[in-house]
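Participant: Quick check, what structure comes out for this input:
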Amino acid sequence: MSRIIYTYTDEAPALATESLQPVLDAFAGAAGVDVETWDISLAGRILAAFGDHLDPEQRVQDALGDLGELAKRPEANIIKLPNISASIPQLKAAIAELQAAGYAVPDYPEEATDAAQAEVKARYDAVKGSAVNPVLREGNSDRRAPAAVKAYARKYPHRMGEWSSDSPAHVATMAQGDFRSSERSVTVAAPTDVTIEHVDADGEVTVLKASTPLEAGEIIDAAVMSKRALTSFLDAQIADAREKGVLFSLHLKATMMKVSDPIIFGHAVRAYYAEVFATHADALASVGVSANDGMASLEKAIQRLDDDTRAAIEADIAAAYETGPGLAQVDSSRGITNLHVPSDVIIDASMPVVVRDSGMMWNADDGQSPAKCVIPDSSYAALYGETIEFCKANGAFDPTTMGSVPNVGLMARKAEEYGSHDKTFEVPAAGTVRVVDAAGTVLLEHPVEEGDIWRMCQTKDDAVRDWVHLAVRRARATGAPAVFWLDETRAHDAQLLIKVHEELAGIDTDGLQLEFMDVAAATRFSLERAKAGQDTISVTGNVLRDYLTDLFPILEVGTSAKMLSIVPLMAGGGLFETGAGGSAPKHVQQLLKENHLRWDSLGEFLALTASFEHLADRSDNERARLLGRTLDAAVARYLEEGRSPSRKVHELDNRGSHFYLTLYWAQALASQTDDDEAAEVFAELAEDLAAEEATIVEELNAVQGEPADIGGYYWPDRAKAAEVMRPSATFNAALERLIAATT
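Facilitator: As a prediction, this is how the structure comes out:
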């Protein structure tokens, strides 16, 4: 039997899986396809990492490790849903929940004091942050808006705020002392193994990372962010925001850049609440407060202090709000600010909303105010700065006419995993950090001061060359210009450009428009064409891929969750990603409160369509091809008839949207003429669902309005979650009849 691996992840996508799984079993089973659900959730990854601490019956599959190996084989067909890229607060919360459920996983030691704690910390560090994507992405990314989604957005445009040319909203970024200004890069000619070393002022050498094997032709680059320059920059931006009367907002990616960005976030927390940390340093240290974890962690920790000390700290926090600039809010009704938790404000989700909302963010009075968008590292800040300035000059984009900016992203084999891994360090003392090869040659080095953030990353030769070929294929398939977002004045990009031009020299590019531009120029070029209704392919590295595939989709179609994301794996398999999960926590909160899940599974539907098509091509399974084609037709009807989940309780939610997708899919299969057997099998289901539509919708909506119990947040009880997500006995019975008829 052919198989598709469907990942079980976290939060709203995991709950949606509980509802959609019976549908997948029924439809795919009719094509002889087994849809296997593998758990790569945060809690599942923790349990897999600490199996030796668990009872035998508690141990779980290392699904992520197994999927990593499968991704390197030609038969791979993986559907990857959004997962938690855990910050330390999220990691700690998941650990506590597992411990409460009887799993003897150890506590997370932020500062390891012995070898045993260091080993535990290393295991957890492999779980937190963007742990999943680098393992699975053994190919480069092809991400674009499906035709049906684009047509729907043009016919039913989402809201876009109006822009004024005198808006004070703007992006602020560092001019010096950041990663961009300090980057150095080299391509190694032959295989080698490098050591990362710190040399202090007395010449004493400390090995930061003993071994990093490199392949021939691999690009490595290193950069350092100066603590001195960063803190000076943050102080200046806070003062400027106060003077200009705009909101101070910080935009980072502490989930993907899981080492560097929490440190930057912590410096911003200390800068805004400077008096709090200066006056109460000893008291905060006594309860283990780390600014890197945000104000939520601090506010919880100080409850363990005596009443007088806690009251003094709370008074100084209140004073910071009185004397400082307005602080952008995540949820003003609950007092959750931009500096509450490092994982709450993720730049690729937050900045597109700022653009959509006319340069505004939420303020403490539950209204909107213009924002100063602080993006410390200037490597990619121009993307958002240019976009805001373009909107000031040209007004808001019109979804009914604007063009698309699909993306071809370099991400294969952990390409450009900046600031997120075991090659990023907070510098322990002044001196030099250097990269030394096996022959003792220093390849890269930087002078550093205590507290600086130093990072190195790798980009493998075959990943770059595969990326170039994918870009050319997409340019030829669409006829749109393809712009390589590469800046010859940036060290890393200069090395990439050498490889790109070498590879292009051996490819037929006649008739194609291939351009090379830095971030600012590429942004302006793409925005101008989009405004004019023209499409432009962006060909970018990994971080820009992440940013662009949220920015443009949110402007074009209202959400990045509606994008088709295909990763042609380099070994011949396929990885199909299902959109963004930034809103997933809020959806779960609503479900727990009133049993309504507004998560839209459109991304899953689109990924399934591509997955079935890939399976058909690889295994000559025509029934799988039929499933893909009819699912595509069902998705178009799903959009046209407005069956996406509502935000309001007692209206259609995720479960109801799954019912309508199932109805339309069954009807599409029943009416097709290529496979009489399939038409007959699905005609009965289509008739049953159509006849019982009112009953099923009533059963699905009737359970809403009361709290739902799923037995846990990070580690829900699967039986309870399934019961919550499958409340229609009529719908369940119809699917069971189909499964019985096809097995």
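Participant: remind me which residues of the stretch 451-600 of the chain are low pLDDT?
Facilitator: 580-583 (pLDDT under 70).
Participant: Could I get the full set of helices for it?
Facilitator: 461-478, 491-504, 519-531, 542-557, 584-594 (DSSP state H, counting those that start in this stretch).
Participant: So which elements touch the lowest-mean-pLDDT helix or strand in the chain?
Facilitator: When the helices and strands of the chain are compared on mean pLDDT, DSSP states H and E, helix 133-136 comes out lowest with a mean of 88. Secondary-structure packing of helix 133-136 (3 or more CB pairs under 8 Å, 6 or more residues apart in numbering; DSSP states H and E): helix 63-70. Using the backbone N, CA and C atoms, a C-beta is placed for each residue, glycine as well.
Participant: and for the helix or strand just after the helix it packs on, what are the contacting residues?
Facilitator: Sequence-wise, the next helix or strand downstream of helix 63-70 (DSSP states H and E) is strand 77-80. With contacts defined as CB atoms under 8 Å, 6 or more residues apart in numbering, strand 77-80 is touched by 2-7, 9, 67, 70-71, 132, 136, 573-578, 604, 607-608, 611, 614-615, 618.
Participant: if we can go back for a sec, nearest to residue 623, out of the helices of the stretch 451-600 of the chain?
Facilitator: helix 461-478 (26.5 Å; CB to CB).
Participant: quick one, the closest one and helix 542-557 angle?
Facilitator: Interaxial angle, helix 461-478 versus helix 542-557 (axes from the mean of the first three to the mean of the last three CA atoms, to 10 degrees): 20 degrees.
Participant: farthest residue from the center of this structure?
Facilitator: Centroid-distance maximum for the chain: residue 202 at 42.5 Å, with CA atoms, centre = their mean.
Participant: sec struct for that one, please.
Facilitator: coil (DSSP: H, G, I helix; E, B strand; the rest coil).
Participant: Next one: it from residue 429, what distance?
Facilitator: According to CB to CB, to the nearest Å, residue 202 stands 10 Å off from residue 429.
Participant: same question, residue 491
Facilitator: Taking CB to CB as the measure, residue 491 and residue 429 are separated by 25 Å.
Participant: With neighbour numbers in mind, choose between the two.
Facilitator: residue 491 (19 against 15; other CB atoms under 10 Å).
Participant: Can you give me every residue that contacts the nearest residue to the more buried one once chain neighbours are set aside?
Facilitator: Nearest non-adjacent residue to residue 491, counting by CB to CB, 6 or more residues apart in numbering: residue 185, 3.8 Å away. Residue 185 makes contact with 219, 220, 221, 222, 444, 491, 492, 494, 495, according to CB under 8 Å, 6+ apart.
Participant: Make a markdown table from these and add distance to residue 124 to it.
Facilitator: Formatted as a markdown table, these follow (distance: CB to CB, whole Å):
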| residue | distance to residue 124 |
| --- | --- |
| 219 | 30 |
| 220 | 26 |
| 221 | 27 |
| 222 | 25 |
| 444 | 29 |
| 491 | 33 |
| 492 | 29 |
| 494 | 37 |
| 495 | 33 |
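Participant: Below-threshold pLDDT in this structure: ranges please.
Facilitator: Scanning the chain for pLDDT under 70 picks out 1, 419-420, 580-583.
Participant: what ranges do the helices span in the stretch 601-743 of the chain?
Facilitator: Using DSSP H, counting those that start in this stretch, helices in the stretch 601-743 of the chain cover 602-619, 622-640, 654-671, 676-691, 693-702, 718-725, 729-741.
Participant: now the strands for the stretch 301-450 of the chain?
Facilitator: 329-331, 336-337, 360-362, 368-374, 407-409, 424-426, 431-436, 442-448 (DSSP state E, counting those that start in this stretch).
Participant: Single out the most deeply packed of the helices of the stretch 451-600 of the chain.
Facilitator: Comparing these by mean neighbour count (mean count of other CB atoms under 10 Å), helix 542-557 comes out on top with a mean of 25.
Participant: helices and strands around that one, which ones?
Facilitator: Applying 3+ CB pairs under 8 Å, 6+ apart, we find helix 542-557 packed against strand 141-144, helix 147-155, helix 347-356, helix 381-394, strand 407-409, helix 519-531, strand 537-540.
Participant: Can I get those in JSON lines including distance to residue 241?
Facilitator: What follows is the helices and strands packed on helix 542-557, written out as JSON lines (distance: least, CB to CB, whole Å):
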{"stretch": "strand 141-144", "distance to residue 241": "34"}
{"stretch": "helix 147-155", "distance to residue 241": "34"}
{"stretch": "helix 347-356", "distance to residue 241": "14"}
{"stretch": "helix 381-394", "distance to residue 241": "15"}
{"stretch": "strand 407-409", "distance to residue 241": "32"}
{"stretch": "helix 519-531", "distance to residue 241": "23"}
{"stretch": "strand 537-540", "distance to residue 241": "30"}
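Participant: Let me know which of these is the nearest to residue 482.
Facilitator: Minimum separation from residue 482 across the helices and strands packed on helix 542-557 (CB to CB) falls at strand 537-540, 4.2 Å.
Participant: Can you tell me what sits against the closest one?
Facilitator: In contact with strand 537-540 (CB under 8 Å, 6+ apart) are residues 405-410, 467, 471, 474-475, 478, 480-485, 522, 526, 544, 548, 552.
Participant: show me what contacts the nearest residue to residue 135 once chain neighbours are set aside?
Facilitator: Leaving aside its chain neighbours, residue 135 sits nearest to residue 68 (4.1 Å; criterion: CB to CB, 6+ apart). By CB under 8 Å, 6+ apart, the contact set of residue 68 is 135, 136, 138.
Participant: can you pick the most crowded of those?
Facilitator: Highest count within the contacts of residue 68 by other CB under 10 Å belongs to residue 138, 25 neighbours.
Participant: Enumerate every residue touching the nearest residue to that one once chain neighbours are set aside.
Facilitator: Excluding the flanking residues, the one nearest residue 138 by CB to CB, 6+ apart is residue 71, at 4.3 Å. Counting by CB under 8 Å, 6+ apart, residue 71 touches 78, 135, 136, 137, 138, 139, 569, 571, 573, 575.
Participant: Quick one: buried ones out of those?
Facilitator: When those are checked for burial by 16 or more other CB atoms under 10 Å, the buried set is 78, 135, 136, 137, 138, 139, 569, 573, 575.
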